[in-house]
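Participant: Make a model of this:
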Amino acid sequence: MADVAEERRIGDTDPRITRLQRKRWLIAAVIVLVVGAPSIFYFSGAYDRWQDSRSLADICRGSVDTSEVKELLGIDRLRGREVEVGQGANPHAGQLDKCSLSDPDRSAWLSVAMDWGADASGALHDFGEFAPWGDVGMAIPLGHGWEGVMDEGGLGKDLVATINLPCVNHRNDTKRSSLVVTVQGMAMRSMEGTAQRTRFARTATKTAQNAAKAWGCTARVGGAVERVPDNTAHTKVPEGEARGTCAGIATAVRESAADSKAPIENCYLLSDSFTSQYRVSAFYAPFATALAEQPGYGGEFDPQKPAGHKGTTIWASAQCSSGSRALYIATATLNKDRPSEQPDVKLGKVALKEFAARSAKRHGCTDLKLP
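Facilitator: I've put the predicted structure just below:
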């Protein structure tokens, strides 16, 4: 057989050496890729974005529009986490589910909590810490057909909203007759201003609507929130000029806009020194029964009695179309540093009667029981 192998000319590269060099270059390239790529991935910010995306996956069962939250809080990055809610001595919202979304430093955040109507005491606590004394802020209706209220913190950077969603498909289920969604937030930029407060209310209502779908609650929801009432928590209304929740009350007051869908209403009766003498409030389902579970109300009133008077606490009730009774209550709010200033119980009774009658009529409730 003829020899077909060719002689390698002088100066030609040995093929074996070439193959060895190629292997070395390939190994070096693989090492650079394995070692360098993660570093590039990490330091380019891609790793952080991946972590953000992973943490937000199905947060609160997909109830939260993360792009909307970024705009609301004024941040570029958003990290999410599920929150464990303990029972504790004081009730807190989120017994069904709770999640928190924030920038990596947690300097701006939003929390979302869900509860069935039977567990509304936590939502009521987180909305205003409704202790039977002091100023708990103002329940400002969201309007537009929503059974919800909001309030603004003193620093102008935090807001809270609580929304009740009656579940028509669980109407006869005492535990799941409604879904309560509580949204709290603090932004890097101020939450003050009508536009920002409206943006917050819009985020809260959209979240509530998504939550209803996620938890199988066929709910009666409101419309798009184009504007919310002004924050009048610190605005004194002169005697006889009240037109909102304090309408018909003869003394100077602080009030909010009145709305037939608002599940919570507040009115403050003021003394000559602008100190609150009484807070008169209305609580509709599911918050009417939740008030008795708030800290400090243990011996103040008997929620089983439709009306009563004990010390400086006075309460009334009315029957509503939801099948439950609404609660109207007047509690003394005088400054504890001025024990000599005693509340005018007669004034509290007169104010409660006027307040309860107007609120019950506005909400379509009857059979008003007064003390």
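Participant: quick one: contacts of whichever helix or strand residue 327 is part of?
Facilitator: According to DSSP states H and E, residue 327 maps onto strand 325-332. Residues from elsewhere that reach strand 325-332 (Cβ atoms under 8 Å, 6 or more residues apart in numbering): 132-133, 277-285, 288-289, 291, 300-301, 303, 306, 312-320, 343, 348-349, 351-352, 355-356, 359-360, 363, 365. Placement of C-beta: from N, CA and C, glycine included.
Participant: Stretch 257-265 too?
Facilitator: 124, 127-128, 139-143, 145-149, 162, 164, 222, 229-230, 232, 244-245, 247, 256, 281-287, 358-359, 362-364.
Participant: next structured bit after the helix or strand bottoming out on mean pLDDT in the chain?
Facilitator: Ranked by mean pLDDT, DSSP states H and E, the helix or strand of the chain with the weakest confidence is helix 46-56, at a mean of 53. Downstream of helix 46-56, the next assigned helix or strand under DSSP H and E is helix 66-73.
Participant: Mind giving me the packing neighbours of that next one?
Facilitator: When contacts are defined as 3 or more Cβ pairs under 8 Å, 6 or more residues apart in numbering; DSSP states H and E, helix 66-73 packs onto strand 97-102, strand 109-116, helix 194-214.
Participant: Neighbouring strands - and their directions - for the strand holding residue 327?
Facilitator: strand 276-283 (antiparallel), strand 313-319 (antiparallel) (DSSP bridges).
Participant: Highest mean neighbour count out of the ones you listed?
Facilitator: Mean neighbour count (mean count of other Cβ atoms under 10 Å) peaks for strand 276-283 among those, with a mean of 25.
Participant: Centre of the chain to it, how far?
Facilitator: In this view, strand 276-283 has its centroid 22 Å away from the chain centroid, taken as Cα atoms, centre = their mean, to the nearest Å.
Participant: Show the average pLDDT along it.
Facilitator: For strand 276-283, mean pLDDT is 92.
Participant: next SSE after it?
Facilitator: Of the helices and strands lying after strand 276-283 in sequence (DSSP H and E), the nearest is strand 308-310.
Participant: Packing partners of that next one?
Facilitator: Taking 3+ Cβ pairs under 8 Å, 6+ apart as the contact definition, the neighbouring helices and strands of strand 308-310 are strand 313-319.
Participant: Which residues does the strand it packs on contact?
Facilitator: With contacts defined as Cβ under 8 Å, 6+ apart, strand 313-319 is touched by 132, 288, 300-301, 306-309, 325-332, 345, 348-349, 352-353, 356, 360, 365-371.
Participant: Please apply the same query to stretch 269-277.
Facilitator: 135, 236, 246, 249, 251-254, 268, 278-280, 332-335, 338, 341, 343-344, 347-348, 351.
Participant: Let's see which of these end up in strands.
Facilitator: Applying DSSP state E to the contacts of stretch 269-277, the entries found in strands are 253, 254, 268, 278, 279, 280, 332.
Participant: Look up how far residue 151 lies from the last one.
Facilitator: In this structure, residue 332 and residue 151 are 21 Å apart, going by Cβ to Cβ, to the nearest Å.
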